[in-house]
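> give me a 3D structure for the following:
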Amino acid sequence: MDELSLERCRQVLEDGWVGHLGVISEGEPYVAPISYVVVDGRVCFKTGPGRRADAIKSSPRVCIETSHVDQSTGYWESVVVWGNAEEITEDVEAQTVIAALVSKYRPVLGSPLSPGPNDVGLGEPDILIALPIETVTGRSSGSFFHISSRPGRL
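Okay, here's the model as predicted:
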């Protein structure tokens, strides 16, 4: 594996479509997929009441991972960020994050993957979360990636 530069970590993070939120829930690790955007050096996402929101409230120290895989070569890059998650409660800030989410995910709004644009706005029971990035690391499969170590063949 090779280490990614800070600049490449930021690019992979900003370009990623699916993140994996890692929290401690009920005393054990819990990972859930999220759609997210990077706004002002923070990873922001929307969730609803439930296990993720409860875990963040009880233990705000979390991490988020995203990755990119080249399907033709098996080459991958993965970025992990850590920080203390916080709820976004200010209206202007919330509107900025929602606008960024809509802009990023516009290509799939209204598709079979999404209930449609009416489900994207801020409203109950939505909770907006921001993760100020304290630490970021990134790794890649490396330049000497061998077919026998491609994902799914480890």
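> show me the contacts for the residue nearest the centre of the chain.
The geometric centre of the chain, computed from its C-alpha atoms, lies nearest to Gly19 (C-alpha atoms, centre = their mean), at 3.0 Å. Gly19 makes contact with 33-36, 43, 45, 64-66, according to C-beta atoms under 8 Å, 6 or more residues apart in numbering. All C-beta spots, glycine's among them, are computed from the backbone N, C-alpha and C.
> for it, give me the pLDDT.
We have a pLDDT of 98 for Gly19.
> give me the phi and psi for it.
Backbone geometry at Gly19, expressed as degrees, to the nearest 10, gives phi -110, psi 160.
> how far away is it from Ala99?
Distance, Gly19 to Ala99, using C-beta to C-beta, to the nearest Å: 19 Å.
> Ala32 contacts His20, correct?
Yes: if you go by C-beta atoms under 8 Å, Ala32 and His20 touch, sitting 7.3 Å apart.
> quick check: bridge partners of Val62?
Gly83 (DSSP bridges).
> tell me who's in contact with it.
Contacts of Val62 by C-beta under 8 Å, 6+ apart are 21-23, 55-56, 82-85, 131.
> what residues sit buried inside the helix or strand encompassing Val31?
According to DSSP states H and E, Val31 maps onto strand 28-34. For strand 28-34, a neighbour-count test (16 or more other C-beta atoms under 10 Å) marks Ile34 as buried.
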